[in-house]
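Asker: model this:
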Amino acid sequence: MADENLDIAIVGGGVSGVYSAWRLKQERPNDKIAVFEASNHIGGRLLSVRPPDIPDMVAELGGMRILPAVQPLITRLIADLNRELPADQQITLYNFPVDEPQNIAFLRGVYLRLADLTHAPDKVPYQLNFLDHGESAGSLIVNAIEQIVPGITNPNLNEAQRREMAQQAEFGGIPLYKQGFWNVLLRVITGEAYHYAEDVGGYDSTLCNWNAADAIPWYLSDFGVSPEYKGFCNGFQQVPLTLAQFFQQLGGEVRLESSVSNIVSKGEGFEFQVKGRTIAAKSLILAMPRRSLELLSATSPVLQEIQPLIASVTARPLFKLFTTYNSPWWLNTGYSAPDGSYVPVQAGRSVTDLPVRQTYYWPKSNGEPATQGHAMLLASYDDGDNTGFWDGLRARRRQPRAVGLDVAPLADPFIGEDDNVRNDELTWHQYKAPRLMTEEVTRQLTVMHSLSYTPKVRNAAYRDWGDDPYGGGWNSWNIGVKSWEVKHRIVQPTDLPLYICGEAYSDAQGWVEGALQTAGYLLEKFGVLPFH
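Answerer: Next comes the predicted model:
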C-alpha cells in the first residue's frame, strides 16, 4: 500500500521539469502534481549565485545566456512570465558581449589581441594555408561546413531547414549522421586549422566527434551568423524559480532534498521510494539528463528496458570557476590606439590554450562593465578534456555528500576575504573553490594577461558539472543515432505513462531552448499546448 497517491509525479527540478509542472497544473487544476528534486534548489544546471562582496553582480555557475534570434521558446517564455510578474520582479536581460577586438588571445606562447586574428594574421602562431589565413575561428568552421553540406550556410534558410538538410545529407557517400563532426572536418581543413579553431573558439567539445548531422546545424545556430547573446540581470536561475513559484501558487508541490529511487510499474501507474516512503503516481515524468537516468536505472527495472534510448547521447564535461577582486585589474591590460586613446579590456572574453581556456570579464547586474570597486571574473570556463586538468586540484569526483547538497565538503577550501557567511551568501559558499585550484588559476591568469602578478583573490566559487547526478554540462547526440526519431520516441518510450524530457534529447542540446522543446513534446502527450 502506497503512503501517498499522486496524479502526476515529476522527477527533476530543472527548467523542463518545473515548466511542465506549471503548464500541466494550469490545464489540470484538480490533479495532484508534485515535483521531486534531489538537491536543495530549483534550477538544475541553472545556478545563479551572488558573491559575498559584490551585491550588484550575479555569478552564473551554470547556464548564462540565450540567443533570442534563434531561440523562440525561451524568448516567448520570458515574455509570458513577465506578463504575470510585478514590475519589481521582471526577468530583464542585457547584451552579453563575447569577442571584443581589444581582448586577449594567448596562444602557443604568443600574446595577441582578438583583432590580430583577422587584421594581423602573420602574427598568428598556426601554420594555416592561404585560404584560412586571416579567418576567424568561427568563419573557418562555417566555410568548412559549407563544403560538407553545400548550401547549408545560405542566410535565407531557417533553423528547421538547415537541420533537415544535414539529416538528409551524405558526405563521401556515407550519410552524415553516421559520421563524426571531427572526422568530416578533417576531410576539408588541415589539422592546424582544426587546432586553431578549437583553441580560438575556446571550447573542446563543440568540435569533437559527435553526430555530424546534429553538430553542423547546432554549430551554425550558436556560432555561425554573428550571434547576439543576452544575459540575465538577476541571474538565469530566476526563470525556473519563477516557474516553480507559479506552479506552487496554483496548488502544486515542490519537494527539495527528495531523491527518488526504486521505480516499479504498478497497475496502470508507478510506485517509487522517497525518504523511505512509497509514493504512487498515475503518470511519471523524468525531467533528467542521461547520467541522472542511468543512476536511477540502477534501482529501476522499468528504465533498464529502455537503456539503448537513454544511451543515445553522451554527457560532455563542463567546468566554471569565478573569482572576485578588490578592483577590476584587467582594465590595465588594454592598449593605446593609433589616435592615442587608451582601449581597456573590460567586457567579453579572452581566450588561451592554457587550461583556463576562456576568461570572461564579468558585468554588473545591469550589463555594464565593472570599472571600479569590487569586481569579478569568470576566471575559467572550460569543457571537454581540459576539465581533467583541474582534477588534481579538487576533491575526487563522486565523493559522498550530505543529503540535498550538490558537492562534497572540501578538505582544503580557499579562505576568502569576506568569509563570514551571511544568509544571502550561503549558496556561494556551498560552491567554494579549493585553495590549490584558486592558486593555479591565478598563476594562469597572470601568464595569459602578460603580467608579473595579479591581485589577490577575495573569494572563489566553482562548479564542475561532470559530477553526479548530471554527468556533464550538456549532452550531444552519438554518431549513428537518428536524433530526429529518437527525440520523439524517448518522450514516451513504452506503452506505460512514463515520460522523459530535458535538454539531453533535443535539437538544442546545451541550451534551455532544448529543455523547452522536449517539454513541449511531453505536454502534447497530455493534450496540453506548450504555450497558451
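
Asker: Point me to the helix or strand that includes Leu377.
Answerer: Per DSSP states H and E: Leu377 is located in strand 375-383.

Asker: Return that strand as PDB; C-alpha atoms alone will do.
Answerer: This file holds the C-alpha atoms of strand 375-383, laid out as PDB (Å, rounded to 0.1, in the frame of the first residue of the first chain):
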ATOM      1  CA  ALA A 375      34.800  43.100  -9.400                       C
ATOM      2  CA  MET A 376      34.500  39.500 -10.700                       C
ATOM      3  CA  LEU A 377      35.900  37.200 -13.300                       C
ATOM      4  CA  LEU A 378      34.500  34.000 -14.800                       C
ATOM      5  CA  ALA A 379      38.200  33.100 -14.500                       C
ATOM      6  CA  SER A 380      37.900  29.700 -16.200                       C
ATOM      7  CA  TYR A 381      35.100  28.500 -18.500                       C
ATOM      8  CA  ASP A 382      36.300  25.000 -19.500                       C
ATOM      9  CA  ASP A 383      34.900  21.900 -21.200                       C
END
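
Asker: what does it contact?
Answerer: Under the contact criterion C-beta atoms under 8 Å, 6 or more residues apart in numbering, strand 375-383 has outside partners 51, 54, 57, 59-60, 202-206, 316-325, 327-328, 330, 349, 355-362, 370, 389-390, 441, 444-445, 460, 473. (C-beta placed from N, C-alpha, C; glycine too.)

Asker: I'd like the list of the residues you listed that fall within helices, please.
Answerer: Val441, Gln444, Leu445 (DSSP state H).

Asker: ok, those vs Gly510, which is closest?
Answerer: Checking these against Gly510 with C-beta to C-beta, the nearest one is Val441 at 23.4 Å.

Asker: how far away is the closest one from Trp477?
Answerer: Here Val441 is placed at a distance of 32 Å from Trp477 (C-beta to C-beta, to the nearest Å).

Asker: measure stretch 354-364 end to end?
Answerer: With C-alpha to C-alpha, to the nearest Å as the measure, stretch 354-364 spans 27 Å from end to end.

Asker: One more: stretch 36-43?
Answerer: 12 Å.

Asker: Gln26: neighbour count?
Answerer: 14 (other C-beta atoms under 10 Å).

Asker: For it, give me the backbone phi and psi.
Answerer: phi -60, psi -40 (degrees, to the nearest 10).

Asker: can you tell me which residues contact it?
Answerer: Leu250.

Asker: Against Val302, how distant is it?
Answerer: 28 Å.

Asker: Contacts only, for the most centrally placed residue in the chain.
Answerer: Compute the mean C-alpha point of the chain, and by C-alpha atoms, centre = their mean the closest residue is Gly63, 4.3 Å away. Listed by C-beta under 8 Å, 6+ apart, the contact set of Gly63 reads Arg45, Leu46, Phe236, Trp511, Val512.

Asker: May I see those residues arranged in JSON lines, with neighbour count as well?
Answerer: Converted to JSON lines, the contacts of Gly63 look like this (neighbours: other C-beta atoms under 10 Å):
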{"residue": "Arg45", "neighbour count": "25"}
{"residue": "Leu46", "neighbour count": "24"}
{"residue": "Phe236", "neighbour count": "26"}
{"residue": "Trp511", "neighbour count": "24"}
{"residue": "Val512", "neighbour count": "26"}
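
Asker: from those, which is closest to Arg187?
Answerer: Trp511 (28.0 Å).

Asker: per-residue confidence at that closest one?
Answerer: Note on Trp511: pLDDT of 97.

Asker: All set now, cheers.
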